[in-house]
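K.L.:
can you look at this prediction? I've put the sequence above it.
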Amino acid sequence: MSFPWAKEYQPQNGFMQWMDERLPLPRLVYGAIGAGYPVPRNLNYFWNFGVLAGFALMIQIITGIVLAMNYAANTAVAFNSVEYIMRDVNAGWLLRYLHMNGASFFFIVVYIHIFRGLYYGSYKAPREMVWLLGVVIFLLMMATAFMGYVLPWGQMSFWGAQVITGFFSAIPLVGEPLREWLLGGFVPDNAALNRFFSLHYLLPFVIAGVIILHIWALHIPGSNNPTGIDVKSEQDTVPFHPYYTSKDGFGLGVFLIAFCSVVFFAPNMLGHPDNYIPANPLSTPAHIVPEWYFLPFYAILKAFTYNFLWIDAKLWGVIAMFGSIALLFFLPWLDKSPIRSASYRPLYRKFFWFGLLPCIAVLGVVGAMPAEGLWVPLGQVAALYYFAHFLIIIPMISYFEKPEPLPMSITESVLGKAETPAVGATPATA
Amino acid sequence: MVRPLGILVGLGFCMALVFALVTTVWTMATTPTEDPKNTPYFWQQEPRPANLPSSGPFAQFDRVQLQRGFRVYKEVCAACHGLNLVSFRNLEAIGYSEDQVKTIAAEWPIQTPSVDPNTGEAAMRAPIPTDRFPSPYPNEIAARAANNNAIPPDLSLIVKARAGHQDYIYSLLTGYRDVPAELPEALRPGVGLSYNPYFASLNIAMANPLTGEGQVTYDDGTRATPDQMARDVTAFLVWTSEPKLENRIKTGWAVLGFLLIFTILAYMSYRSIWAEKKGR
């Protein structure tokens, strides 16, 4: 699809020939994830995480469909229906723990995937569309995960729904009616639980659809690589199959070992004990915290405590929290540096490792802590850096940065200068 | 266009945060710090390890211990605490025979709500093995009325529903202490409450349930000290919270073994496919 030397699909027998002339589905797969897709030969293990994210989505959809056969979306019985799955459904405990921890591992994998894109400049031209669709997938994932967490109807389900739908009430004038309209009531109740279940079942398929667009958009320019430089010749690439299918197979094994270690030996490690208490609208938990993958954004929400410019602090927090993700949509145009990979951007690299990553880690910890004592100013400093990093530092950095020299080609970066045959050169005759 | 606007928006967020930070620090600097001794947090204690065989990578249940724990539940806890996710038939999983379960259900001191088969009026009957453990109170109001306005929580999931899990339950049951002399007045137990430094608010509505040796008679000759009874009933409650625990651990080791072999083979095929590209 992307390069002139991409191998063309050749039907291997009469049936495939017949099929190819009528519905060239095998041709599509061959070009998308088969030998017909040339990929840079120098990808490191961070490039495994896209395939792993797709695999995590498959785990969620398959376990989720079976769980839905036994779950009842009604506030009177939802909690006990989950426990029925845990106790009486054959292998129900396995399905439920796979699904519950599958969400966490989906986010782990996607976060690594996103940070890989940030580090190696995969969001830059000509891959802006890939990045934008990725941010859309991330937003859909967050909505799906939030609604899924409400379904067991435990204490954190209920109070999490209460807090998150409360964001809408921060909108001036229409906020409160809007929230009631979305919930179908004054507080999360049966109407909300039913619509959350319906959407929780729908959105993963929407995600799968956007993933197809994400991969389609990726295949136009082809994959980025750790040097960030363009593919120049056939020797810079290898066919996706068998080179990267075999590497992804190994990566998948490592991923599954980590995933299954948690599922079978510490399945409740990433959850909150309060969600094993049935929802009780009359009893507020001591600390309402979201799932771990939302903690940095929750910390940003809590950091805004001052009615700056006469705008309510709560509204600032909600705008900032959504803004912290929305700004990713503008990243390809905020960063003007022509160099993609941070490996050749000394300043950007320093801000990435010593600024952005510690800042996200601090936000994650602060998000889990009660809003008191030193946690408050610490979260405010980290949130300050977050916005400064994306909206001030990244747009300005390319003026001051002196990029390090790039290799001539991908092949040179792999084999070293001496052994790299010049592009298009014919072997010298003796 | 995007960059100047982005910088402007970024400066807006940063200014809002600078103001928030300054006011936070100012408030912290000018507010006198509260004496930590006045907060329950200062007096709370970390749970002590329950050391049950159901923890760790080779977790399993000691069925004799679970039966002792069930006895403690039956003779002490069941008076106030329900177990509404567990059926009598489930007791077969901890080593009781079908007949024993029938007897346990039939002799259970609390009856199950039912309907009179002749008149259709509400009635009570002895539980049968397929029934859940009947709740000790007909409703929440009755539970509150009998317990100084506190509802005794259902114990089915209690181990998973509390931070600290089995260690917390064990520590709480053995954690009743005399009120320390220097405890501030505001933190002292009110009427009907007992001091227990493992409980979040320090003062718990449940009176010390395990008061003396021999409160429960064990069949297997184990000395029924309060510590032993607390450990045994905690083990039983680990089982009610996670009855499929042993199944999960066993499956887990088989799955990890399979995945290890798969991953080694996948690695070898990856190396051999890439050999010519990386060979040097």
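P.N.:
Nice, thanks for sending it over.
K.L.:
what about the residue nearest to B:P57 when sequence neighbours are not counted, neighbour count?
P.N.:
Distances taken as CB to CB, 6 or more residues apart in numbering or on different chains place A:F265 nearest to B:P57, at 5.8 Å, with adjacent residues excluded. C-beta: built from backbone N, CA, C; applies to glycine. Around A:F265 there are 16 other residues, counting by other CB atoms under 10 Å in any protein chain shown.
K.L.:
got the contact list for A:F265?
P.N.:
A:F265 sits next to B:57, B:249, B:252 when contact means CB atoms under 8 Å, 6 or more residues apart in numbering or on different chains.
K.L.:
which of those residues tops the neighbour count?
P.N.:
Counting by other CB under 10 Å, top hit in the contacts of A:F265: B:G252 with 19 neighbours.
K.L.:
what sits against residue 49?
P.N.:
Using chain A here. A:109-110, A:112-113, A:116.
K.L.:
please refer instead to chain B.
P.N.:
Per CB under 8 Å, 6+ apart, neighbours of B:P49: B:D167.
K.L.:
and the gap between it and chain A?
P.N.:
17 Å (CB to the nearest CB, to the nearest Å).
K.L.:
which residue packs closest to the most centrally placed residue in chain A, ignoring adjacent ones?
P.N.:
Chain A has A:V110 as the residue nearest its centroid, 3.2 Å off, counting by CA atoms, centre = their mean. Distance criterion CB to CB, 6+ apart; nearest residue to A:V110, sequence neighbours excluded, is A:A53 at 5.2 Å.
K.L.:
could you pull out the helices for the stretch 151-280 of chain B?
P.N.:
For the stretch 151-280 of chain B, applying DSSP state H, counting those that start in this stretch gives helices covering B:165-173, B:226-241, B:245-278.
K.L.:
need those in TSV (columns: mean pLDDT).
P.N.:
As requested, these are exported to TSV (pLDDT from 0 to 100):
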stretch	mean pLDDT
helix B:165-173	96
helix B:226-241	96
helix B:245-278	95
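K.L.:
so which of those helices is nearest A:H219?
P.N.:
A:H219 lies closest to helix B:245-278 among the helices of the stretch 151-280 of chain B, at 21.8 Å (CB to CB).
K.L.:
buried sites along that closest one?
P.N.:
Of all the residues in helix B:245-278, those buried under the rule 16 or more other CB atoms under 10 Å in any protein chain shown are B:245, B:248-249, B:251-252, B:255-256, B:259, B:262-263, B:266-267, B:269-270, B:273-274.
K.L.:
what of stretch A:14-33?
P.N.:
A:20, A:27, A:30-33.
K.L.:
and for stretch B:197-204?
P.N.:
Buried, per 16+ other CB under 10 Å, within stretch B:197-204: B:197-199, B:202-204.
K.L.:
the strands in the stretch 1-150 of chain A, which residues?
P.N.:
For the stretch 1-150 of chain A, applying DSSP state E, counting those that start in this stretch gives strands covering A:38-40.
K.L.:
residue ranges of the helices in it, please?
P.N.:
Along the stretch 1-150 of chain A, counting by DSSP H, counting those that start in this stretch, helices occupy A:14-22, A:25-33, A:49-68, A:78-87, A:92-120, A:128-150.
K.L.:
so the second one versus helix A:49-68, what angle?
P.N.:
So the one you mean is helix A:25-33. 120 degrees (axes from the mean of the first three to the mean of the last three CA atoms, to 10 degrees).
K.L.:
residue 97: neighbour count?
P.N.:
In the absence of a named chain, chain A is used. So A:Y97, with other CB under 10 Å, has 21 neighbours.
K.L.:
should've been chain B
P.N.:
10.
K.L.:
do the same with the one 5 residues further on
P.N.:
Counted with other CB under 10 Å, the burial measure for B:K102 works out to 15 neighbours.
K.L.:
so who does the closest residue to it other than its chain neighbours touch?
P.N.:
In this structure, B:K102 finds its nearest non-sequential neighbour in B:P129, 5.9 Å apart by CB to CB, 6+ apart. When contacts are counted by CB under 8 Å, 6+ apart, B:P129 touches B:87-89, B:98, B:101-102, B:105.
K.L.:
out of the contacts of A:F265, flag the one nearest to A:N224.
P.N.:
Taking the contacts of A:F265 together and measuring to A:N224 by CB to CB, the closest member is B:G252, at 37.4 Å.
K.L.:
what does the stretch 301-430 of chain A have sitting close to chain B?
P.N.:
Counting by CB under 8 Å from any CB of the partner chain, the stretch 301-430 of chain A comes close to chain B at A:303-306, A:308-309, A:313, A:316, A:320, A:323, A:327, A:330, A:333-334, A:336, A:376-377, A:380-381, A:383-384, A:387-388, A:390-392, A:395-396, A:415, A:419.
K.L.:
out of those, which are buried?
P.N.:
A:303-306, A:308, A:313, A:316, A:320, A:323, A:327, A:330, A:333-334, A:376-377, A:380-381, A:383-384, A:387-388, A:390-392, A:395, A:415.
K.L.:
in the stretch 51-200 of chain B, where is pLDDT below threshold?
P.N.:
Scanning the stretch 51-200 of chain B for pLDDT under 70 picks out no residues.
K.L.:
tell me the spacing between the residue in it positioned nearest to chain A and B:L237.
P.N.:
Residue nearest to chain A within the stretch 51-200 of chain B: B:A161 (3.7 Å; CB to the nearest CB). B:A161 sits 10 Å away from B:L237, going by CB to CB, to the nearest Å.
K.L.:
kindly report the same for B:N208.
P.N.:
17 Å.
K.L.:
which one's more surrounded, those two?
P.N.:
B:L237 (29 against 16).
K.L.:
do I have it right that that one meets B:Y168?
P.N.:
No: here B:L237 does not reach B:Y168: they are 10.9 Å apart, not a contact under CB atoms under 8 Å.
K.L.:
what touches both of the two?
P.N.:
Counting by CB under 8 Å, 6+ apart, nothing touches both B:L237 and B:Y168.
K.L.:
sorry, back to before: restricted to helices, list the residues of the stretch 301-430 of chain A next to chain B.
P.N.:
Counting by DSSP state H, the part of these found in helices is A:303, A:313, A:316, A:320, A:323, A:333-334, A:376-377, A:380-381, A:383-384, A:387-388, A:395-396, A:415.
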